[in-house]
Each structure stands twice: as structure tokens, then as C-alpha cells.
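Q: following is a predicted model, sequence given first.
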Amino acid sequence: MKAALPREVRIIGGQWKRSKLPVADRPGLRPTPDRVRETLFNWLGNDLEGWRCLDAFAGSGALGFEAASRGAAEVILLERERTLAASLNQSRERLKAGTLRIECAEALSWMAACAPRRFELVFIDPPFDAQLFERALAAAARLLVPEGCVYLEADREFTAADVAPLGLAPHRHLRAGQVHAHLLRAATLRPPAASPGVQL
């Protein structure tokens, strides 16, 4: 029997630690598990002061709000469903999250129109059944500044061979149940002798 999704998620760290975000009952909406988010931000160093971040498939907003809570200078959340975008705006207003901006937009189209080298970090967490992973990764890769990162959440592991054609290289990976979490970096910016265990 499939486990029920939580009706809310908590921000784990930063200025809004323990604040709650609602989770709507929508097909494909699957908030990043707490343990995975905690590990991700440990990988990133926890303090994102000054970073510009894009949460391309925002959903509950857990990733984007977490980044803003930890000091990101600008976080843009993309959500194509108007009701979910409205809920994200309500959370933004409640938390007085001035560095957050919600865009009601289709992620791939928005990223295609965005100027390149715009973000230090792009979150890619689309509905698994949409099979948007490769297209979303390709769109995200062109938006990265030098030494920027892409976080990918998928239903399978993406290997070095999978992401190399997109100009990316694996930096971290974990599996939690059916979720595969990846932290990727631009392949050309990674020293040839670096191992996946090198700290950011």
C-alpha cells in the first residue's frame, strides 16, 4: 500500500527553521523528504548567503524556501499550477520572505527564455512520471554560473555517462527509498583528478 503524502513539510534550518509549508493533494506532487533535504544542504555547506537559486518545479516550495531560509540572496520558484503558485505566495507573505519570488510558469519554457549564467544553484524535482529529467537538466546547465550546481531528484540514478552529454558531472548521490538525489556540477569546471567525495 502506497504511503500517504504529508500534508505539510517543515523548513529544516536557517531563519525560518521549523516553519511549516502546506502540501496540496495533487498528482505528481511529492515533497523532498526531510532526510534528503538535510543531506542536500549539508552537501552545499548549509549557508547559502549571497546565492541566487532557481526552484524550477516548486510544488510545495520546500527546496526554494529552505534555500531562502539559509541566506540565499534571491530565490525564484516556478510553479505552473495557479492554485499551488497562490499557496506559495501565501507562505511567502506569511514568512515575509522578501528574497523569494513566485512565478506561475511552465519550467522548461521559463528556463529557455532566461539569460544564461544566472544562478549558483538550480533545483530540478519534476513529477517522476513526466520524464522531464534530461530536458530539465539541459535547460538548467546553461543557467549556471561557473562553479554552480544542479540538484536533481529522480526515480533512478543518473550516472556520469548519463549527464556528461549535458555538460555536467556527478558530485554527490544518495538513495532514499524510491528517490535518487543528485548534486551535479559543470563537468568543465571540475578538476580532472577530483573525486566524488571532494567537498564543495
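A: Done, it's in. Source: prediction; values computed, not measured.
Q: contacts, neighbours, all on C-alpha from now
A: Noted.
Q: ok, then the element right after the lengthiest helix in the chain?
A: With secondary structure taken from DSSP state H, the chain has its longest helix at helix 82-95. Taking DSSP states H and E as the definition, the helix or strand that follows helix 82-95 towards the C-terminus is strand 100-103.
Q: give me every residue that touches the most centrally placed residue in the chain.
A: The C-alpha lying nearest the average C-alpha coordinate of the chain belongs to residue 123 (C-alpha atoms, centre = their mean; 2.2 Å). Contacts for residue 123 (C-alpha atoms under 8 Å, 6 or more residues apart in numbering) come out as 53-57, 63-64, 150-152.
Q: now swap in residue 154 and tell me
A: Applying C-alpha under 8 Å, 6+ apart, one finds that residue 154 lies in contact with 125-126, 128, 133, 179-181.
Q: so who does residue 107 touch?
A: Applying C-alpha under 8 Å, 6+ apart, we find residue 107 in contact with 56-57, 78-80.
Q: let's see that with 6 Å instead.
A: Listed by C-alpha atoms under 6 Å, 6 or more residues apart in numbering, the contact set of residue 107 reads residue 56.
Q: go on, the one 10 residues further on?
A: By C-alpha under 6 Å, 6+ apart, the contact list for residue 117 reads 143-145.
Q: if I look at it, how far off is residue 149?
A: Here the criterion is C-alpha to C-alpha, to the nearest Å. By it, residue 117 lies 11 Å from residue 149.
Q: ok, residue 122 touching residue 52?
A: No - because the distance of 8.7 Å does not satisfy C-alpha atoms under 6 Å, residue 122 is recorded as not touching residue 52.
Q: in terms of neighbours, single out the busier of the two.
A: Neighbour count, other C-alpha atoms under 10 Å: between residue 122 and residue 52, residue 122 has more, with 27 against 23.
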